[in-house]
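Colleague: Dropping a prediction and its sequence here:
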Amino acid sequence: MEQDLSPRLKILVVDDQEANIRLVEAILAPQGYEVIPASDAERALEQVAAGPPDLILLDVMMPGMDGYEVCARLKQNERTRLIPVIVLTSLSDLEDRIRGIEAGADDFLSKPFHQAELSARVRSLLKLKQFTDELEHAEDVLCTLGLSVEAKDPYTEGHCERLALYSVAMGRSLGLGPEQLKALQRGGYLHDLGKIAIPESIINKKTALSEEEWQIMREHPVIGERICKPLKSLRLVLPIIRNHHERWDGTGYPDALKGEEIPLTARIIQMVDIYDALITARPYKPALKREQAFSIMRQEAEKGWRDPEVVEQFITLMESGAPLVGLEKGKPGWLANRTSSRLT
């Protein structure tokens, strides 16, 4: 018989009563799960920090920090919010369940529970987590492809990371919400994903592109959108990928959008993309100083190519030096916050 080498799924059981932990272990361990005990909230959080489990069974009534607060902390953390949490409680009032829902609990199980019900709920949530992990893996693969596009051009090392950092800083300064900021993070890595289909001879050409070559290059936003479209989790990133080469006066591509028809997130990525291209050495030009880049960006706004308000807001942000603080710390945003990033 072929040996199963797949790792056992880890279930963290948090309860101040050792007898309850042993009961859960007696039910779940024979099913192949690795049961990790934690007798209080502090130990539970330490265990999660040391290595995120696949699921958490969490008692509510514990000395010190109760289960509601533990659950709320886990769900507020980008690194742990997708870990399924089943709240185990002897409380049955509607108010107690509402507190659990507000804390972010994924399911409830009342004590005393039947072992078949516990097993069924654990299996159900672990199956859901498997789908979530597969989705994250698909996103990681696309992000890897995005970085591979960057790697085609030795002059653009770190470009995606800087775009993610600067764009989120810009979005935050404009008061954008968490979902839009996440889209900007991902857009920093995925905006030029479609260039994976563009020949390196065109991407790295040191002289001006011919009209035929430009026609090929202009296809990359549509190609990138097509690659990412199957993932519903990237729906807010699609406008960034497709529209970050539009122009304020309607002369951009691929859709010739004009003015505020261009999504704000696409305008932000576009502005950061232009700035980074100007201050970075490329095959066809030397790196410009920051003040020279600002001057060119303002000239392009006067020509009608860029949103003048976004240009000025971006320049103000860069002059403040705020985005540069995070840049010194390494990979920002999406990659740095992954629970189990395959890229870091």
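Modeller: On my side now, so go ahead.

Colleague: Residue 51 is in contact with residue 83, correct?
Modeller: No - judged on C-beta atoms under 8 Å, residue 83 makes no contact with residue 51 at a distance of 11.3 Å. Every C-beta, even on glycine, is put in place using the N, C-alpha and C of the backbone.

Colleague: Between these two, tell me which one has more neighbours.
Modeller: Remark: of residue 83 and residue 51, residue 83 carries more neighbours, 21 against 10, as counted by other C-beta atoms under 10 Å.

Colleague: can you give me the helices for the stretch 101-250 of the chain?
Modeller: 115-152, 159-173, 178-190, 200-203, 211-217, 220-228, 238-243 (DSSP state H, counting those that start in this stretch).

Colleague: Turn these into CSV, including mean neighbour count.
Modeller: Output for these, formatted as CSV (neighbours: other C-beta atoms under 10 Å):
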stretch, mean neighbour count
helix 115-152, 15
helix 159-173, 24
helix 178-190, 24
helix 200-203, 13
helix 211-217, 12
helix 220-228, 21
helix 238-243, 24
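
Colleague: Columns mean pLDDT and distance to residue 282 on top of those, output as CSV?
Modeller: Formatted as CSV, those follow (pLDDT from 0 to 100; distance: least, C-beta to C-beta, whole Å):
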stretch, mean pLDDT, distance to residue 282
helix 115-152, 77, 13
helix 159-173, 91, 10
helix 178-190, 91, 18
helix 200-203, 81, 11
helix 211-217, 91, 14
helix 220-228, 91, 17
helix 238-243, 96, 22
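
Colleague: which intervals of this protein have sub-threshold pLDDT?
Modeller: Scanning the chain for pLDDT under 70 picks out 1-7, 91-93, 134-138, 148, 150-156, 283-284, 323-344.

Colleague: Which parts of it are strands?
Modeller: 10-14, 34-38, 55-59, 85-89, 107-110 (DSSP state E).

Colleague: one step back: now the helices of the stretch 101-250 of the chain as a markdown table including distance to residue 56?
Modeller: As requested, these are exported to a markdown table (distance: least, C-beta to C-beta, whole Å):
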| stretch | distance to residue 56 |
| --- | --- |
| helix 115-152 | 10 |
| helix 159-173 | 29 |
| helix 178-190 | 23 |
| helix 200-203 | 46 |
| helix 211-217 | 49 |
| helix 220-228 | 32 |
| helix 238-243 | 33 |
